[in-house]
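Undergrad: Sequence first, then the predicted structure, then my questions.
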Amino acid sequence: MSDKAPWITYRPELKVLDCTIRDGGLVNGHRFTDAFVGAVYRACVEAGIDYMEIGYKNSKRIFPTEKYGPWRHCDEADLTRVVGDHSFEKTGLKLAAMADAGKSDWETQLVPAAESPLDMIRVAFYAHQVSEAVDMIQHANGLGYETTANLMAVSGITETEIDTVLDAIAPTPAGTMVIVDSFGYLYREQVDRLYRKYSEALAGTGKEIGIHAHNNLQLAFANTIEAIILGCNRVDSTLFGFGRGAGNCHTELLLGFLRNPKFNLRPVIEVIQNYVLPLRKEIEWGPSIPYNITGQMNQHPRAAIEWREGPTPDDFVAFYDKIVAEV
């Protein structure tokens, strides 16, 4: 392949983060085998992906180990058992974990970055948790980690709330502020507006803008492309769209679109074929009518998830009537 890609989408500064284990783990309680996590890790390395989000750094009090797998907590012993003597210098891949405000014992759970395979902590929070998020970002940065600020459920809050969050995040050392479409509700015009709002508020801070899109309206890939066109340099995706509910932007589609000659698609296709697709026999994810309905209604997909796990999962009309009656 030529070193000079012919398409406008080739931008060397654009970084891809695969969050298959973290987001996909919401489907199965993060109870992945070491073989599965190791296969995804090796595929990310071989594919030239920039970041892999390997799970959460969340509390064992809130997410007990008898119910949740190790990738809900990402203890260093579990990380090392799977990724070995990992380093960015050896692999070209940086490892990330997400810490939720209100759900993470971040003051005691995080060890110095020099003692962990992790390179980045992604701080996820709702608008009302921004004060804690700022403290979390400062703390993780002080321990030597790269950090991001992930404002969740942005489609469900007011302009004033968004402005307040951006004002609070601007002076922090977070390297990226992520547009998170938690409910898979956004259209292109809303992505445009949010990108411009984030960019203007964070101008001069050196922060990148990121996008994390959910696929309830089957627009995750399209909205990610739109964000890239606008100037987003940090983009999230998962293998075969694996994620809670309707899932996410597909890593294999995104890498193909970007035309960056450093990316190698074959390892991604291989791990999808050998590890991700077999999961479809055990668990469900991806676009479907119930998730489309919650997306249209700008609601969390939990109602659709519960319906799909109930006694009449394919009674879409009954689900629609239920949701409409509750609005």
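TA: Okay, I see it.
Undergrad: And the strands in this structure?
TA: Residue ranges of the strands in the chain, as given by DSSP state E, are 15-18, 51-56, 94-100, 120-125, 146-151, 176-181, 208-213, 234-237.
Undergrad: With just CA atoms, put the third one into CSV.
TA: By that I understand strand 94-100. Only the C-alpha atoms of strand 94-100 are listed here, as CSV (Å, rounded to 0.1, in the frame of the first residue of the first chain):
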residue,chain,number,x,y,z
LYS,A,94,-2.0,2.3,24.6
LEU,A,95,-4.3,0.7,27.1
ALA,A,96,-7.2,2.5,28.7
ALA,A,97,-9.7,1.9,31.4
MET,A,98,-12.9,3.8,32.2
ALA,A,99,-13.7,5.1,35.7
ASP,A,100,-17.3,6.1,36.4
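Undergrad: re earlier: any chance of the strands of the chain in JSON lines, plus mean neighbour count, distance to residue 302 and mean pLDDT?
TA: Every C-beta, even on glycine, is put in place using the N, C-alpha and C of the backbone. Listed next are the strands of the chain as JSON lines, based on neighbours: other C-beta atoms under 10 Å; distance: least, C-beta to C-beta, whole Å; pLDDT from 0 to 100:
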{"stretch": "strand 15-18", "mean neighbour count": "23", "distance to residue 302": "24", "mean pLDDT": "98"}
{"stretch": "strand 51-56", "mean neighbour count": "27", "distance to residue 302": "18", "mean pLDDT": "98"}
{"stretch": "strand 94-100", "mean neighbour count": "25", "distance to residue 302": "16", "mean pLDDT": "98"}
{"stretch": "strand 120-125", "mean neighbour count": "26", "distance to residue 302": "16", "mean pLDDT": "98"}
{"stretch": "strand 146-151", "mean neighbour count": "25", "distance to residue 302": "19", "mean pLDDT": "98"}
{"stretch": "strand 176-181", "mean neighbour count": "25", "distance to residue 302": "16", "mean pLDDT": "98"}
{"stretch": "strand 208-213", "mean neighbour count": "25", "distance to residue 302": "18", "mean pLDDT": "98"}
{"stretch": "strand 234-237", "mean neighbour count": "27", "distance to residue 302": "21", "mean pLDDT": "98"}
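Undergrad: Minimum distance to residue 297: which of those has it?
TA: Relative to residue 297, the nearest member of the strands of the chain by C-beta to C-beta is strand 176-181, separated by 14.2 Å.
Undergrad: what's the closest one packed up against?
TA: Packing contacts for strand 176-181, counted by 3 or more C-beta pairs under 8 Å, 6 or more residues apart in numbering; DSSP states H and E, involve strand 146-151, helix 188-201, strand 208-213, helix 220-230, strand 234-237.
Undergrad: nearest to residue 202, of the strands of the chain?
TA: strand 176-181 (5.9 Å).
Undergrad: angle of the closest one against strand 146-151?
TA: 30 degrees (axes from the mean of the first three to the mean of the last three C-alpha atoms, to 10 degrees).
Undergrad: Send over strand 176-181 as CSV, restricted to the C-alpha atoms.
TA: What follows is strand 176-181, C-alpha atoms only, in CSV (Å, rounded to 0.1, in the frame of the first residue of the first chain):
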residue,chain,number,x,y,z
THR,A,176,-9.8,14.8,25.2
MET,A,177,-13.4,15.9,25.7
VAL,A,178,-15.7,13.2,24.2
ILE,A,179,-19.1,13.7,22.7
VAL,A,180,-21.0,10.7,24.1
ASP,A,181,-24.3,9.7,22.4
